[in-house]
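Novice: pasted the sequence and its predicted model underneath.
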Amino acid sequence: MTTITESYVREAPRAARIDWSPYLVGAGIGLLSWIAFAVFGDPLGVTTAYSRIASLFAVPVIGPEAVAQNSYWKSMPLKWDYGVWFLVGIPFGAFVSAVMSGTWRLELVPDVWKERFGPSVAKRFFAAFLGGAVIMYGARLAGGCTSGHGISGGLQLAVSSWLFLAVMFATGLAVSALMFRARQGELR
């Protein structure tokens, strides 16, 4: 599987790459947030859209009646609003950005993962799925995701959003220190 992954790596030479300015990107996200408030009357966020789309995947598993009677999906039924299209646009925009910057590549097991945990594609996918499920559960429990709390709530100076950001960054630093502790020792 590793040779398949390596054969798809298409990173451009350094001279042909575009490095996106974090300041310009941050300003663009802030502008997008203002537009979302002005045009749609809603903040940026994707976990509600994920939840709404999940009802589509639940229908074949638990049936349409069970989905219709579920109190969670009753409170936020599937509708094709800007949030769902924003959710669809995120991977599309990331793909376009990577192609434009000359850094696009298909990679089943990133090098940083391979160095720490080995080349197993199944292990990587399982960890990614489990991590995504935990993050999604936490985002719904917190009443918003990193874009909902971190961008929209942060721009509104919501105390809960600033608390969310502090806990998110602290947790990220702690988990990174645990996962990559041997590698950090090598860097010193």
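Specialist: Looks like it arrived, so ask away.

Novice: what's N70 in contact with, if anything?
Specialist: Residues in contact with N70 (CB atoms under 8 Å, 6 or more residues apart in numbering) are S55, A58. Glycine gets a C-beta too; all of them are placed from N, C-alpha and C.

Novice: phi and psi next, for it.
Specialist: For N70, the backbone dihedrals are phi -70, psi 130 (criterion: degrees, to the nearest 10).

Novice: distance of it relative to G148?
Specialist: Counting by CB to CB, to the nearest Å, the gap from N70 to G148 is 22 Å.

Novice: repeat for Y50
Specialist: The spacing between Y50 and G148, counted by CB to CB, is 11 Å.

Novice: for the chain, just list every one of the helices.
Specialist: Assigned by DSSP state H, the chain shows helices spanning 2-7, 22-35, 47-62, 64-69, 71-75, 82-101, 111-117, 121-142, 154-155, 159-179, 181-187.

Novice: low-confidence ranges, the protein, go.
Specialist: Per-residue confidence of the chain (counting by pLDDT under 70) places the weak regions at 1-17, 182-188.

Novice: figure out which of the helices of the chain is closest to G41.
Specialist: Across the helices of the chain, G41 has its closest neighbour in helix 82-101 (9.7 Å, CB to CB).

Novice: in the closest one, what counts as buried?
Specialist: When burial is assessed from 16 or more other CB atoms under 10 Å, helix 82-101 yields the following buried residues: Y82, G83, V84, F86, L87.

Novice: stretch 65-73 too?
Specialist: V67, W73.

Novice: from here on, call the first residue 153.
Specialist: I'll keep to 153 as the first residue from here, and by that count the last item is stretch 217-225.

Novice: count of residues packed around A318?
Specialist: The local packing of A318 (other CB atoms under 10 Å) involves 10 other residues.

Novice: show residues contacting stretch 295-304.
Specialist: Applying CB under 8 Å, 6+ apart, the set of residues contacting stretch 295-304 from outside is 181-182, 185, 188, 195-200, 287, 291, 294, 305, 310, 312-313, 316-317, 320.

Novice: narrow these to those that are buried.
Specialist: Neighbour counting by 16+ other CB under 10 Å classes 185, 188, 195-200, 291, 294, 305, 313, 316-317, 320 among those as buried.
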